[in-house]
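*Asks:* structure of the sequence below:
(one chain, ligands or ions: 1)
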Amino acid sequence: MAIREIRVKGDEILRKKCKEVKEITPKILTLLDDMADTMYAANGVGLAAPQIGILKRIVVIDVGEGIIELINPVVVETKGAVIGDEACLSVPGKSAQVERPEYVKVEALNREGKKIVVEGTELLAVALCHETDHLDGVLYVDKALPNTETIWEEEV
Ligand code: ZN
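*Replies:* Just a heads-up that it's a prediction; the model follows:
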């Protein structure tokens, strides 16, 4: 278990498309543990592997209801649309408004390699979309509504 360095906007790795996980090896399990440690240490609600420099389709999310680990997640269904404030550990000190579905259904594998289905509304729906976007090199700022950015911290 270890905390890894979070890559920030401007780092090219955040713009690359991640590869599917073909086999869940001990290394993948360590990666899942490290991603959770890194997310919690940064007080985030989600983290995608490219944010720590790993180009694999892996995401961890915790919106306050326990850890959700997703390997090769795919959004299979969405409903509705809501606009809400969004931020990202890779875009420190800022937030902006983004339109997201109000309901999202994702299929993925868990750490045992079993197929799981996760359904979310509100913050979980946002996190599911935001984190799976990272796997295709997409950041929330790409989808932010114009003139909605808030800077809530001096950049260091
Ligand atoms: Zn993010």
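*Asks:* strands paired with the top strand by length along the chain, and their directions?
*Replies:* Across the chain, the longest stretch assigned as strand under DSSP state E is strand 68-79. Here the strand partners of strand 68-79, with direction, are listed using DSSP bridges: strand 58-61 (antiparallel), strand 103-109 (antiparallel).
*Asks:* work out the gap between stretch 147-154 and the centre of the chain.
*Replies:* Between the centre of stretch 147-154 and the centre of its host chain there is 20 Å, according to Cα atoms, centre = their mean, to the nearest Å.
*Asks:* pull out the buried positions in that stretch.
*Replies:* For stretch 147-154, the neighbour count (16 or more other Cβ atoms under 10 Å) marks no residue as buried. Bear in mind the C-beta positions are built from the backbone N, C-alpha and C, glycine included.
*Asks:* which element is the residue most central in space within the chain on?
*Replies:* Within the chain, the residue whose C-alpha comes closest to the C-alpha centroid is residue 131; the distance, by Cα atoms, centre = their mean, is 2.2 Å. Taking DSSP states H and E as the definition, residue 131 sits inside helix 122-134.
*Asks:* contacting residues around the following helix or strand past that helix?
*Replies:* Using DSSP H and E, the helix or strand that follows helix 122-134 in sequence is helix 140-143. Taking Cβ atoms under 8 Å, 6 or more residues apart in numbering as the criterion, the residues outside helix 140-143 that touch it are 9, 86, 87, 88, 91, 94, 96, 98, 99, 130, 133.
*Asks:* buried residues in the lengthiest helix in the chain?
*Replies:* When the chain is scanned for its longest helix (criterion: DSSP state H), the result is helix 26-41. Within helix 26-41, the residues that qualify as buried are 28, 31, 32, 33, 34, 35, 36, 37, 38, 39, counting by 16+ other Cβ under 10 Å.
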